[in-house]
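Student: Predicted model and sequence below, questions to follow.
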Amino acid sequence: MPHHCCVPLCSNSSETRNDLSWHGFPTEPAEKKFWLIKIRRDERTDVPRTHPEYFKVTSSTKVCSSHFKPEDYCPGDRKRESKVSDISRTNLNRKAKVFPSLFAWTSDSKSSRKEPTPRSPLQPLPAKRKRYGSKVNTAESHEPVFVDDPDSVVAGNLSATSCKHCPCVKKLQDELEVASAKHDELETRCAVLEHELAMQRQEAKDTSRFSLDSIKASDYLINYYTGFSSLLMFLACFNYLKPAAETMRMWKGSATTSDTQPQHGAKPGTKSKLPLLDQFVLVLMRLRLNLGEVDLAFRFQVSQSTVSRVTVSWVNLMFHEFKHLPIWLSRRAVDKVMPPCFKTWYPSTRVIIDCTEFYINTPTLLSRQSATWSSYKNHNTVKALIGISPNGHVTFVSDIFEGSISDKAITEASGLLHLLEVGDSVMADKGFDIKDMLAAVGVRLNIPPFKSGDRQMPPEDLLSTKKIAAVRIHVERKMQRIKAYKIVAGDIDNTLFDHLNPIIFVCAMLTNFEGALVA
């Protein structure tokens, strides 16, 4: 593809000048603006492309090497040095932030205008025959002289006058060159000041942008915005996720991908201007406080679409990374951390389970409206089976199910039965009619006893109910911790429905960083 120099008054082209090299604009905004000032052009994209003033810097916009000084190039870097002039150097010294400085309107550039043809010196006027009738004053004498042709004398006087003022013209030209040099110097200084101003504005923008630095000095703020109890705990989680995040390709919307799983590879995706650490803070604030995308975009000074992409990408990344953690504890590990209240009354307890419902906005599909309608909550919901260990850590999170499905059906479909071992016991609420299902795998079910008929509950049943309620309350406390992440506490927006599985799983797993519920 041929290149054309974008500098005004320069007609160089790679088709006609193969001895030149061609250089693109810098990518740094302030340096790019400096180049535009030097070549006396402005970007104009507010007019049609066919308009003569339309100009936009792209990767194809080039400046030819005739506008750079020899010292602007890397030492010893020439193309066909023995055959081509100095202007054919190829690699600019970008580290020194060089810029084009030789133009048709500067005194340093080589003018393409031809030198004026030298004129012959003025010749003295030929002697004229004197005659009476016309009287003029010559330059040499003030005495009246009579000549035959008065016009020739006037022409001579004009020539003599022009010659007489030649030193003044020379002086004016010198002053003009000095003024031009001062103008160039002031223009360069102005561009440097503009560059410094742009850098200061960028620093001020970075300072005003919300980031981890805004809250890291206070553990209270860390907990409020992210849910972590301290900065140390926050960084521990981030460092675990960082290797995968560095090679993560950003989610680009459901229209462009059929899988929510983040893609990893040797080549990372498009680099976001938001650092990874601040991306992690943004996602946690979205989960913890359920801040709107417009609010987060304003706080972090990014676009709303960037907030959406970062949120979905990181949630799915955490979902797949946390899935690799061995959260299901072995029998020995459960016994080691079992609180005294469980050791006394229910020492064989392996997990405490409960189905919790999450409100969602009314789906647009009629079939989904019917499937998600919960007669118990009188609302459209989705359900998930959550299991915690006796000391209060989440050890099991099922996929989400429609709100109309029973707890028994969810337990059977969740895969929990395959994790239990013979001799274990499961603690649950009265709604879990799974005693026969657990007995088939050698597991015992501990639930509060049912009242039969109108008879008063026997004393032993009352005691059993109190004991189970005293220890089972911890699973309700865990559900409160999960719903402290406000993104799942209220009506979940339909735009997040396809990502509810990873969102609920991640919120449940993040509660494990808060410490044990029961000591």
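Tutor: Looks like it came in fine. Quantities reported herein were computed from a predicted structural model and do not represent experimental measurements.

Student: So what's the residue count around residue 506?
Tutor: By other CB atoms under 10 Å, 25 other residues sit near residue 506. For every residue, glycine as well, the C-beta is placed using N, CA and C.

Student: For residue 397, see how far away it is.
Tutor: To residue 397, residue 506 is 9 Å away according to CB to CB, to the nearest Å.

Student: Equivalent analysis for residue 18, please.
Tutor: Distance from residue 18 to residue 397, by CB to CB: 67 Å.

Student: more neighbours, the two?
Tutor: residue 397 (22 against 9).

Student: wait, what's in contact with that one?
Tutor: By CB atoms under 8 Å, 6 or more residues apart in numbering, the contact list for residue 397 reads 384-387, 504-505, 508-509.

Student: Among the residues you listed, name the ones in strands.
Tutor: In this view, the contacts of residue 397 that belong to strands under DSSP state E are 384-387.

Student: Of the residues you listed, which is the most crowded?
Tutor: The most crowded member of those, judged by other CB under 10 Å, is residue 387 (27 neighbours).

Student: any idea how far the residue nearest to that residue when sequence neighbours are not counted is from residue 328?
Tutor: Setting aside the residues directly before and after it, residue 387 is nearest to residue 396 in space (CB to CB, 6 or more residues apart in numbering), at 3.3 Å. From residue 396 across to residue 328, the span is 6 Å (CB to CB).

Student: Check residue 96 too.
Tutor: 60 Å.

Student: what does residue 229 give?
Tutor: Residue 229 sits 24 Å away from residue 328, going by CB to CB.

Student: all strands of this protein, in order?
Tutor: For the chain, strands defined by DSSP E occupy the ranges 22-24, 62-64, 135-136, 145-146, 248-249, 263-264, 349-359, 373-374, 379-388, 394-397, 401-402, 425-427, 444-446.

Student: Could you list every helix and strand in contact with the second one?
Tutor: It stands for strand 62-64. strand 22-24 (3 or more CB pairs under 8 Å, 6 or more residues apart in numbering; DSSP states H and E).

Student: Direction included, what does the strand it packs on pair up with?
Tutor: strand 62-64 (antiparallel) (DSSP bridges).

Student: which of residue 96 and residue 328 has more neighbours?
Tutor: Taking other CB under 10 Å, residue 96 and residue 328 do not tie; residue 328 has more neighbours (16 against 11).

Student: Pretty sure that one sits against residue 419.
Tutor: Yes. Counting by CB atoms under 8 Å, residue 328 touches residue 419, with 5.6 Å between them.

Student: Spit out the residues that contact these two alike.
Tutor: With CB under 8 Å, 6+ apart, residue 328 and residue 419 have common neighbours residue 396.

Student: Residue 434: what's it in contact with?
Tutor: 407-408, 411-412, 426, 428, 445.

Student: should've said residue 399
Tutor: Counted by CB under 8 Å, 6+ apart, residue 399 has contacts 384, 414, 501.

Student: In a markdown table: the residues you listed, plus distance to residue 197 and pLDDT.
Tutor: Output for the contacts of residue 399, formatted as a markdown table (distance: CB to CB, whole Å; pLDDT from 0 to 100):
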| residue | distance to residue 197 | pLDDT |
| --- | --- | --- |
| 384 | 54 | 94 |
| 414 | 60 | 91 |
| 501 | 49 | 93 |
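
Student: and which of the residues you listed is nearest residue 475?
Tutor: Taking CB to CB as the measure, residue 475 lies nearest residue 384 of the contacts of residue 399, at 13.0 Å.

Student: What distance do you get for the closest one to residue 405?
Tutor: 11 Å.

Student: now residue 373
Tutor: Counting by CB to CB - residue 373 and residue 405 are separated by 11 Å.

Student: go on, residue 300?
Tutor: For residue 300, the distance to residue 405 - CB to CB - is 39 Å.
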